[in-house]
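[1] here is the input, now give the coordinates:
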Amino acid sequence: MSELLLILKGSHPVLSVLLWMTLAMVVLYFARSQVHQAIGAMSRVVANAMRLAAHAVLLGEQRLNRRNKEVLLAEGAEEVEKEIDREFHRIEAVVQRDLQGYPTLHRNMSDLITRIDEDYRRSTETPPSPPAWIEAVRSLANLPDGGDKMMAGIMSEIRKTVNRQHKMAIAEFRKQSSVRHGLLKKMAPFWRKLGRTVEDVGKTITGLYERGAMIDRKMDDYKEILAGSNRMERRLSSSSMTQFFIAGLVLLIAIGGAVINFNLIALPMSEMVGGGSYIGPFKTSNVAAMVIILVEVTMGLFLMESLRITRLFPIIGMMDDKMRMRLIWISFAILLTLAGIESALAFMRDRIAADLEALRQSLAGVKAVQGRQSWIPTVGQMLLGFILPFALTFVAIPLESFIHSSRTVLGMSVAGLLRIVAVILRLIGNIAVYLGKAFISFYDLLIFPLLWVDEKIFAGRKAKPSATPKEETFKEAVKQ
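    Have a look, this model is predicted:
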């Protein structure tokens with residue numbers, strides 16, 4: 001024992017290491033079942049926790065998808081209702097404008113068509129047949145004179161009379177026909193006008209038919225939206241994504257315009273509020289310029305809401321017409337005033353920039369050189385300063401589309417993120433199961449000599465007791 005204690009204390013390093021390894025292997029061998037159970041329990045705890053967390057995340061994703069679908073279908077139904085209402089208003093306007101006097105127009109067209117038809121038939125009448133006495137006189141004129149000069153003279157006069165009457169009848173008929181053709185020629189413009197009127201009425205009827213077909217299609221879409229069909233959900237989702245990116249692009253362009261506007265008025269604002277004063281870490285002139293731009297955007301938003309172009313503030317759209325018109329004129333007056341102020345500030349910008357450059361040159365000891373001043377940049381800056389506030393007014397339209405579409409896009413993005421989180425949690429749970437299996441295998445690898453001895457020598461005494469906890473543990477873990 002003393003020798004053994006000396007060896008354990010390290011008197012013989014190699015034997016000490018081998019002895020300690022043998023003792024550790026024996027301890028690990030006898031603790032094998034408990035260690036297997038502990039590792040299996042820990043892996044099951046992690047796997048079950050990840051599985052429950054993934055299930056909870058998937059339930060959250062399903063609720064979010066249902067909520068996104070409800071919001072998407074509600075917005076789609078509201079949009080289709082607006083489109084149908086707009087089409088009905090257009091049909092009403094067309095009917096009141098073009099078809100309200102259609103009965104009177106139809107009666108006038110019928111009378112005019114009847115008159116034109118009668119005149120046309122009269123103008124194409126055949127020459128009237130000569131009276132019966134003309135045939136009788138003509139028969140007498142064709143009788144032989146028998147050599148009697150008096151009879152011959154009478155017959156000659158009769159023939160001349162018949163021919164003269166016939167020529168007079170033909171001339172009278174031609175005169176009447178010429179008069180009728182002249183009347184028809186004068187009526188030709190009215191005829192063409194009648195044709196154009198009938199064509200316009202036909203176009204109106206065709207337009208009403210097309211709008212009716214469009215309303216039918218919108219009603220079919222509305223029914224599908226109310227039914228919650230997957231096709232309409234995909235269609236509305238695609239439309240929301242398109243509106244989101246288009247509105248985002250337009251807002252980026254508007255932000256660029258606002259930056260240009262800010263740089264246009266920031267320098268001359270220093271003459272109004274002082275160039276050396278600060279509000280926190282920011283110059284007061286920059287803050288004042290930003291406030292002016294934000295006020296312009298706000299007035300433009302109120303103007304669009306008052307005109308009922310956008311619907312970001314329903315209370316403005318629900319105002320009575322008198323109050324709404326007052327708000328329109330107030331917003332426009334403030335916007336016009338701010339545009340005039342910006343134009344004046346843009347006019348001052350060139351002068352202030354020239355004065356600052358001259359000051360820098362004088363401080364540097366360089367003789368100031370007066371450059372040739374051109375009025376074209378000044379006028380351009382003034383026009384830009386006057387137009388940009390009104391251009392920023394229309395930011396309200398893409399802003400409304402961006403806000404409405406961002407609800408759907410944000411919901412879809414969060415749902416996708418939750419699905420990814422659920423997949424990661426399930427992956428972590430599976431990794432925990434297989435890591436536990438790997439740790440148990442590594443643990444058995446450390447004590448494999450004793451396991452081999454146990455399997456070869458004591459195989460008949462026990463029916464693999466050490467394998468049962470391991471197999472049951474991981475079968476249960478994998479099954480769960």
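[2] CA atoms for contacts and neighbours, from now on please.
    Fine.
[3] helices of the stretch 301-450 of the chain, start to end?
    Assigned by DSSP state H, counting those that start in this stretch, the stretch 301-450 of the chain shows helices spanning 314-317, 321-363, 375-393, 396-446, 448-457.
[4] which one of the ones you listed lies closest to residue 214?
    Each of these has some distance to residue 214 by CA to CA; the shortest is helix 396-446, at 23.5 Å.
[5] show me what the closest one is packed up against.
    Applying 3 or more CA pairs under 8 Å, 6 or more residues apart in numbering; DSSP states H and E, one finds that helix 396-446 makes contact with helix 32-94, helix 230-273, helix 284-306, helix 467-479.
[6] between the third one and helix 396-446, how big is the angle?
    Orientation check (axes from the mean of the first three to the mean of the last three CA atoms, to 10 degrees): helix 284-306 against helix 396-446 gives 110 degrees.
[7] quick one on the thing from earlier: between the helices of the stretch 301-450 of the chain, which one is nearest to residue 267?
    Closest to residue 267 of these is helix 321-363 (CA to CA; 6.5 Å).
[8] which residue ranges make up the domains of this structure?
    101-227, 235-394 (automatic domain parsing).
[9] lowest mean pLDDT across those domains, which one is that?
    Taking each of these in turn, the one with the lowest mean pLDDT is domain 101-227, at a mean of 68.
[10] the helices of the stretch 301-450 of the chain into a markdown table, with extra columns for mean neighbour count and distance to residue 58?
    Output for the helices of the stretch 301-450 of the chain, formatted as a markdown table (neighbours: other CA atoms under 10 Å; distance: least, CA to CA, whole Å):
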| stretch | mean neighbour count | distance to residue 58 |
| --- | --- | --- |
| helix 314-317 | 14 | 36 |
| helix 321-363 | 17 | 48 |
| helix 375-393 | 18 | 43 |
| helix 396-446 | 18 | 6 |
| helix 448-457 | 14 | 43 |
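[11] which stretch among these comes nearest residue 176?
    The closest approach between residue 176 and any of the helices of the stretch 301-450 of the chain, judged by CA to CA, belongs to helix 321-363 at 65.2 Å.
[12] any idea which residue sits dead centre in the chain?
    Of all residues in the chain, the one closest to the mean position by CA atoms, centre = their mean is residue 243, 3.5 Å from it.
[13] OK, contacts around it?
    401-402, 405 (CA atoms under 8 Å, 6 or more residues apart in numbering).
[14] stretch 389-405: end-to-end distance?
    Taking CA to CA, to the nearest Å, the first and last residues of stretch 389-405 lie 26 Å apart.
[15] and for it, what's in contact with it?
    For stretch 389-405, with CA under 8 Å, 6+ apart as the criterion, the contacting residues are 240-241, 243-244, 247-248, 250-251, 254, 257-258, 293, 296-297, 299-301, 303-304, 309-312, 335, 338-339.
[16] ditto for stretch 256-267
    Stretch 256-267 is contacted by residues 285-286, 288-290, 293, 342, 345-346, 349, 352, 381, 385, 388, 392 when judged by CA under 8 Å, 6+ apart.
[17] how about 7 Å then?
    285-286, 289-290, 342, 345-346, 349, 385, 388 (CA atoms under 7 Å, 6 or more residues apart in numbering).
[18] most widely separated two among these?
    Between all members of those, the longest pairwise span (CA to CA) is found for 285 and 388 and amounts to 19.1 Å.
[19] any idea how far residue 77 is from residue 325?
    Applying CA to CA, the value for residue 325 to residue 77 is 30 Å.
[20] what sits against residue 250?
    Applying CA under 7 Å, 6+ apart, the residues contacting residue 250 are residue 398.
[21] ditto for residue 83
    Residue 83 neighbours (CA under 7 Å, 6+ apart): none.
[22] switch to 8 Å and redo it
    If a contact means CA under 8 Å, 6+ apart, then residue 83 has residue 218 as its contacts.
[23] could you report the pLDDT at it?
    Turning to residue 83, the model gives it a pLDDT of 79.
[24] against residue 211, how distant is it?
    Counting by CA to CA, the gap from residue 83 to residue 211 is 11 Å.
[25] ok, residue 93 next?
    In this structure, residue 93 lies at 12 Å from residue 211, with CA to CA as the measure.
[26] higher neighbour count, these two?
    When residue 93 and residue 211 are compared on other CA atoms under 10 Å, the one with more neighbours turns out to be residue 211, at 17 against 13.
[27] hmm, that one is touching residue 87, no?
    Yes. In this structure, residue 211 sits in contact with residue 87. The criterion is CA atoms under 8 Å, and the distance is 6.9 Å.
[28] cool, thanks, talk later.
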